[in-house]
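Enquirer: Mind looking at a prediction? Sequence and model below.
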Amino acid sequence: MMNRKSCSKMPRLQKTISPIVLASAIAAIAILWCPRPAKADNAPDWLRIAAHEKLPAYQNDPVAVVLLDDEQVVVKDDGEVEVRIRRAYKLLRPESRERYGYASAHCDNETKISSFKAWTITADGKEFGLKEKDAGETGLSADALYSDVRVKYLRFPEANPGNVVGYEVIQKQRPYVFDDVWDFQYTVPVHESRFALQLPAGWEFSTFWSNHAEEKPQTPGPNQYMWEITESPAIEVEPEMPAWESIAGRMGVKYFPRDPGMRKKTTGSWKDIGLWYNGLTASSRTPTPAIQQKVAQLTAGMSDPLEKMKALAAFVQRDIRYAAIEIGIGGFRPHAAADIFTNAYGDCKDKATLLSTMLKEIGIDSYYVVIDTERGVVQPNFPSMDFNHAILAIRLPDTVPDAALYAILKDPKLGRLLFFDPTNSHVPLGYVPAYLQDTYALLATPDGGELVSVPLLPASTNRLIRTAQLELSSTGNLSGEVRELRWGAPATSSRDQLLTTEPAKRGKVFEDFLGNSLTAFTLMGASVGNLEQYDQSLTLDYKFFARGYAKSAGDLLVVRPRVLGQKGSDILSGKPRKYSIEFPDATRQDDDFEITLPAGYVVDELPQPVKAECPYGSYQSHVEVSGNTLTYKRTYQINDIIVPTEKLGEVRGFFQQIASDERSSAILRKTSP
Amino acid sequence: MNRTIRSACIFGAICVCFWLSLGPALKAGDTWLPIPPEDLAMKDNPASPGANAMILYRESTVNEKLAVVDGPFIKEYVRIKVFTQQGASEGDVQISFFKESSDIKDIQARTIHPDGSIVNFDGKVFEKVVVRRSGLKFLAKTFTLPDVQPGSIIEYRYRQQFKPAHVYDEEWTISGELFTREARFAIIPYHSDYENLPLYFRMFALPAADKPELQSDGSYTMTVHNVPGVEDEPLMPPRRLLEARVEFFHRDADAPEAETMEQFWARTDKKWNGNLDHFVNKKSVLEREVSQIVSANDSPEMKLRKIYARVQQVRNLWVEPERTAQEQKEEALKKNSNVEDVLSRNYGTGPQINFLFVGLARAAGFEASEVYVAPRNSNFFFPKMQDTSQLAADIVWVKAGARDYYLDPAARYYPFGLLPWYESETKGLRVGKQVDFVDIPKEASSDATTSRLVDLTIDSEGNATGNIQVEFTGQRAAGRREADRNEDQTGRKKEFEDLIRGWLSSGATIELADVKNWDDNAAPLVIDATVKIPGLGTPMGRRMLVPATIFQAYQVASFETAKRSNPVYFSFPYEETDDVKLHVPAGFKIETIPASKKVSPGAAVSYDLSAAQEQAAIEVKRHLAVGGCLYSAQSYGAFRAFFDTVKSDDESQIVLQNAETAKNN
């Protein structure tokens, strides 16, 4: 399985631990440990001042407010970096006890915590303090089998509404690259955020801004720079919105040593970052006789380069198990191809490494592409190593036709580059997972890095064709057979569901689907075609019986022609949205249902045809009757996946029409006996 | 209230503690067991086809023989067959342990391919910090096996070595996630010529034929075959009750040897009764207090109600959010030794509050005592197991006239007469001068009701707007009050809006108007809201179709799949009553309304639906009742059919006709 956080270590404090993992650890502590009282300590002046800040009125009852978010980075001439973070929250609602009731700080082989303290100031002025010796620690990782990153945490006393909590952590780091990111906007309001940088004489820096206009720094002293932003509004999370991190304001800062030898640790541009990453990984792709032998075995008898590529891609995708072991620079640098091959496991960058090594053996070049699974987090004007995933760009030989290879970028220098993600278990060569489409990624080549755009695959590559032959009885029972033909994203999602379910329980996948549209049904049989042939269309065949599907009302029988499948969405209902929406993928989906009507009934009323269009998609449906057969046909197509806020009105109407069509029914009337 | 009754063996300097790791094995250097060719070639589990993986063989040996000198150890050997890519994740192994008491040693592992070729594990074993705090380390040894593919057999073994001078209560966990073809267990007890520390065991969810056999050397062994994995299913009993296991334990130091079940419970009862009597032994204090609570003219039940109300005023420390060390230090709460402390300090643990009720009730002239029960959200009570930890909750019993009352005044959100659901319809031990096992009465479905009163006006487009009033009583009200006790008004508003939205079709918007009786546990919890449901009615040419019920029958989601392994377990009996008035749009008349439906396949469930026309409105009444809790897996099909019928009938259609068109017909 693809793992989001597999490739990058998160240098920023707030991203070092998943709340779920930390919550688990704290829960475990509750079971295992009876805490001993710590000696109280007076709160520092900075926290007292923050606690007395006059705050504006905030909308929508936020859980808490960040009173102060103060990060001070002191860079020493030898490259050691000391980071001091002070953070204070005013807790406003009971929920804050869970979300902001603890302070956390990460450490690993390159990051040491030299001081960690926390305090609470209650609304009536009492003060409590905690020191590092009171801290718990966990090395649990939601993503990796093993990682050297550990998190220390302190649980604030009296973390109750009305009280102020704060902490200070000082870390000493030996970073792999000289850059940092200052986040100053979160899902709760931020009253004051500050970032201070102190550089040795002769060092330089540059900044990059995202979702905020550039601010010039104050210079409180020689080689000292400070940025300050106040009253950043909360980002209120809405369904189907882009990742909130891609909307939040942040500043990237890079610093450049005076010593040219150390300058290689600064990646000032995308090109620099690519060069750094390419250098870091250069030694990993060395083939061994065993790898060469395996390549020969997998491609034996093949002359078509594309067939060879498919064979190698399938091998790494299926036979190399996902397992992430990240120690030190291993958060960035893949293991050696030889080890990955021998062990037959690795993380995303390991899988990319092995495939790249094997492709080279058949004369095909490929390049690392580092990317983020959250669309929008990587922004062109913000060069950083803030990625969480690695895939490959395969340079297609001129002889390889690309008619069935969709995830292609035409690079002016390198020619046709085919993106491929060997970590995703079920997306075949030619495609790239939907969550990696229409996003920026860094192509790392020996000539340096280049920010490229991974294309959005067109609707025609992601198809679902569902046909059904059904029979309605005079008592309203519906039975029949359905066939689905899927390729692209709809095939991947079904394969994900089926292949991650034990074979004996796969019937439940069909039952869950039928249960969304039918009641009182029985699955009479199901079969799957090409389940593990990822480069072929997936077929699903199933039969069902639904008791009382059509509802009788006097001498009427009410039957919904849209028997299965839902395209409508209620994401635009309710209060007005602030942010854009993202669809999962561009797709075209067709339904063609034939329902044989019961003898003794005539059609009294049919739903009107529907034709709905918006800039992002189209929808058509119509129902007709010929003889005793009712036919329902519809086509649903989404062409673009990001709908900006100003276009939401048009999309709302589009989905309302679809929802209305999906609810509509045909009315049959009993003929006179 | 939930509580834990400790049952561990302690003697001399030997400390007994519980052991949480899964672990078990063979000594380093032992040869691996031979692998039959048919296991190498196996493509699926013949006994239970369609699995991702299965345990072919497992061997777990606990050796406490030299516990004092070398320390006890557990050796574990596991052989797993992988059938699918998904099953290959069995190659990632994590063995948890407490560093203070043990370590994991001699880890060996290998992967065997279907052709018999072997890849030995020679990688690094990582030690992962699960939790470290104040010198306590809960760690995990982590490693991943090489080259695991569908068809591979993986096997590993290790030794968990405990520190000397300790013996442990052990558990053989027989059934887990995977099917086990064969597993052998052994335990070699501690033996000393100077001290006698006999080992006992109790079994759960095991076939009658399977039980530990005492060997001539004093050890116990057991071999099991074809043990299925425990499946997670909706509405199933607590998983722990379905897992086959054997618990080995040592008795308390003061426990006699070869104690019978009757003797065990008599001893326990005597001890617990003594604790109760000691805690409430403040007669004058209790009489003075009770004289301020009740009056002589009160009926017996009124007296009990007043005492209950008084006791519920005591702050229950067990329902408060977990407090940090500093919070505890700051507040400096003293430990209560008796009811006088509870009354004067006005705080107590759950049991102390219940003890206070017993004391006050006795002072008021009632016969009363404490009852320890198995909270059936986690446990059932089997006296023959001689396991006090099963009785992890406590309530009180009072006799007033001919009537027995079972109450839990420490349950802050439960009014007089209502027990938390997990303390009803269970079994327990009523402490007193003699052992008295009691059955706590079951509750009726009327003790947990949800009533929804709705008034909606539909427009000519089919959109509906109006009001909804929801009333919760009994378990439904108390459960909500308890679950949301730490929420503020904003949080509760969101909770209730989300709850109502979840009952309705997608796209509905809810605006909460009022929450009544939040702080009055004895009164129904009432929620008022306005509601908008876009497209409730579907215009169809000259007609409009409107579903008879606006609410989704959520229960059906638990019965979607046809297969079932586990019993069906409803937490408590309940009822739903809906009264929905739908005003038809101007210009429409009512063509047909659904016929009345009544389904009552047995005592367990019933459902009825009726619709009536009232001029330009339709009133739909619906009633659903679930009357019991625990049903066999064989009854699943009947429940499935019932809830399918409920949902299908809920979807009956009201047909409206455009009046102008109707006039022309």
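Expert: Yes, it's here.

Enquirer: use CA for all of it now, contacts and neighbours both
Expert: Noted.

Enquirer: what about the stretch 51-200 of chain B, any weak spots by pLDDT?
Expert: Of all residues in the stretch 51-200 of chain B, none has pLDDT under 70.

Enquirer: Next one: B:Gly637 relative to B:Arg564, how far apart?
Expert: Note on B:Gly637: its distance to B:Arg564, by Cα to Cα, to the nearest Å, is 8 Å.

Enquirer: And these two? Which one has more around it.
Expert: Taking neighbours as other Cα atoms under 10 Å in any protein chain shown, B:Gly637 and B:Arg564 compare with B:Arg564 leading, 17 against 14.

Enquirer: SS state for the more buried one?
Expert: coil (DSSP: H, G, I helix; E, B strand; the rest coil).

Enquirer: ok, now how distant is the residue nearest to it when sequence neighbours are not counted from chain A?
Expert: Spatial nearest neighbour of B:Arg564, chain neighbours left out: B:Ala633 (6.4 Å); criterion: Cα to Cα, 6 or more residues apart in numbering or on different chains. According to Cα to the nearest Cα, to the nearest Å, B:Ala633 stands 17 Å off from chain A.

Enquirer: ok, now which ones touch A:Ala612?
Expert: By Cα atoms under 8 Å, 6 or more residues apart in numbering or on different chains, the contact list for A:Ala612 reads A:618-620, A:654, A:657-658.

Enquirer: which of those tops the neighbour count?
Expert: A:Ile658 (24 neighbours).

Enquirer: picking up where we left off before, same list (the contacts of A:Ala612) but as a markdown table, adding distance to B:Val454 and pLDDT.
Expert: Below are those laid out as a markdown table (distance: Cα to Cα, whole Å; pLDDT from 0 to 100):
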| residue | distance to B:Val454 | pLDDT |
| --- | --- | --- |
| A:Ser618 | 37 | 96 |
| A:Tyr619 | 35 | 97 |
| A:Gln620 | 35 | 97 |
| A:Phe654 | 30 | 91 |
| A:Gln657 | 27 | 90 |
| A:Ile658 | 27 | 92 |
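
Enquirer: interface residues of the stretch 551-665 of chain B facing chain A?
Expert: Residues of the stretch 551-665 of chain B that fall close to chain A, judged by Cα under 8 Å from any Cα of the partner chain: B:557, B:560-562, B:592-595, B:641, B:644-645, B:647-648, B:651-655.

Enquirer: Number of residues surrounding A:Ser527?
Expert: 14.

Enquirer: residue ranges with poor pLDDT in chain B?
Expert: B:1-30, B:661-665.

Enquirer: Phi and psi next, for B:Lys306.
Expert: phi -70, psi -40 (degrees, to the nearest 10).

Enquirer: quick revisit: which of the residues of the stretch 551-665 of chain B next to chain A are buried, as a PyMOL select command?
Expert: Buried residues among these (16 or more other Cα atoms under 10 Å in any protein chain shown), as a PyMOL selection:
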select buried, chain B and resi 557+560+561+592+593+594+595+644+645+647+648+651+652+653+654+655
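
Enquirer: Among the residues of the stretch 551-665 of chain B next to chain A, which lie within strands?
Expert: B:592, B:653-655 (DSSP state E).

Enquirer: of all these, which two lie farthest apart?
Expert: B:Thr592 and B:Gln653 (8.4 Å; Cα to Cα).

Enquirer: How about the residues of the stretch 101-250 of chain A by chain B?
Expert: Checking the stretch 101-250 of chain A against chain B by Cα under 8 Å from any Cα, the hits are A:128, A:133-140, A:145-146, A:150, A:155-158.

Enquirer: try 10 Å
Expert: A:128-130, A:133-141, A:145-148, A:150-153, A:155-159, A:161 (Cα under 10 Å from any Cα of the partner chain).

Enquirer: Tell me, how many residues neighbour the closest residue to chain A within the stretch 301-450 of chain B?
Expert: The nearest approach of the stretch 301-450 of chain B to chain A comes at B:Ala325, 4.4 Å away (Cα to the nearest Cα). Close neighbours of B:Ala325, defined as other Cα under 10 Å, add up to 18.

Enquirer: Is there a neighbour count for A:Pro584? I'd like the number.
Expert: Using other Cα under 10 Å: A:Pro584 sits among 15 other residues.

Enquirer: correct me, but it touches A:Glu240?
Expert: Yes. A:Pro584 lies in contact with A:Glu240 (Cα atoms under 10 Å); the separation is 8.9 Å.

Enquirer: and the stretch 401-550 of chain B, which residues reach chain A?
Expert: Close to chain A, as judged by Cα under 10 Å from any Cα, the stretch 401-550 of chain B has residues B:462, B:486-491, B:505-510, B:532, B:534-545.

Enquirer: quick one: common contacting residues for B:Thr592 and B:Gln653?
Expert: A:552-553, B:545 (Cα atoms under 10 Å, 6 or more residues apart in numbering or on different chains).

Enquirer: Closest to A:Asn639 out of the residues you listed?
Expert: Among those, and counting by Cα to Cα, the member closest to A:Asn639 is B:Leu545, at 33.0 Å.

Enquirer: if I read this right, the closest one contacts B:Pro585, doesn't it?
Expert: No. With contact taken as Cα under 10 Å, B:Leu545 and B:Pro585 are classed as non-touching, separated by 11.8 Å.

Enquirer: between these two, what contacts are shared?
Expert: B:462, B:537, B:656-657.

Enquirer: Mark which of the contacts of A:Ala612 are part of strands, please.
Expert: A:618-620.

Enquirer: and which of these is nearest chain B?
Expert: A:Gln620 (17.5 Å).

Enquirer: quick one, phi/psi of the nearest residue to the closest one once chain neighbours are set aside?
Expert: Among residues not flanking A:Gln620 along the chain, A:Lys611 sits closest, at 4.4 Å (Cα to Cα, 6+ apart). Note on A:Lys611: backbone dihedrals following degrees, to the nearest 10 are phi -140, psi 110.

Enquirer: same thing with the one 4 residues further on?
Expert: With angles defined as degrees, to the nearest 10, A:Pro615 sits at phi -60, psi -10.

Enquirer: I figured it hits A:Ile638, correct?
Expert: Yes. Using Cα under 10 Å, A:Pro615 is in contact with A:Ile638, at 9.2 Å.

Enquirer: Going by how many neighbours each has, rank those two and give me the top one.
Expert: Comparing A:Pro615 with A:Ile638 by other Cα under 10 Å, the one with more neighbours is A:Ile638, at 22 against 13.

Enquirer: Could you find the closest non-adjacent residue to the more buried one?
Expert: A:Ile638 sits nearest to A:Gly617 (Cα to Cα, 6+ apart), 4.2 Å away.

Enquirer: Might you report the residue contacts of that neighbour?
Expert: A:459, A:586-588, A:636-641, A:651, A:654-655.

Enquirer: And for the residue in the stretch 351-500 of chain A that chain B sits nearest to, the neighbour number?
Expert: Going by Cα to the nearest Cα, chain B is nearest to A:Thr500 of the stretch 351-500 of chain A, at 6.2 Å. By other Cα under 10 Å, the residues close to A:Thr500 number 16.

Enquirer: surely B:Asp455 meets B:Asp528?
Expert: No. Taking Cα under 10 Å as the definition, B:Asp455 is not a contact partner of B:Asp528, at 11.6 Å.

Enquirer: Can you give me the neighbour number for B:Gly502?
Expert: Going by other Cα under 10 Å, the residues that sit close to B:Gly502 add up to 14.

Enquirer: Repeat that for A:Ser474.
Expert: 17.

Enquirer: part of a strand, is it?
Expert: No. Per three-state DSSP, A:Ser474 lies outside any strand segment and is coil.

Enquirer: Regarding the nearest residue to it once chain neighbours are set aside, what is its secondary structure?
Expert: Using Cα to Cα, 6+ apart and skipping the chain neighbours, the partner closest in space to A:Ser474 is A:Pro598 (5.2 Å). Three-state call for A:Pro598 (three-state DSSP): coil.

Enquirer: Quick check: can you list the domain ranges of chain B?
Expert: B:15-249, B:262-441, B:446-662 (automatic domain parsing).

Enquirer: JSON lines please, covering the ones you listed and showing distance to A:Arg547.
Expert: Shown next, in JSON lines, are the domains of chain B (distance: least, Cα to Cα, whole Å):
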{"stretch": "domain B:15-249", "distance to A:Arg547": "23"}
{"stretch": "domain B:262-441", "distance to A:Arg547": "35"}
{"stretch": "domain B:446-662", "distance to A:Arg547": "8"}
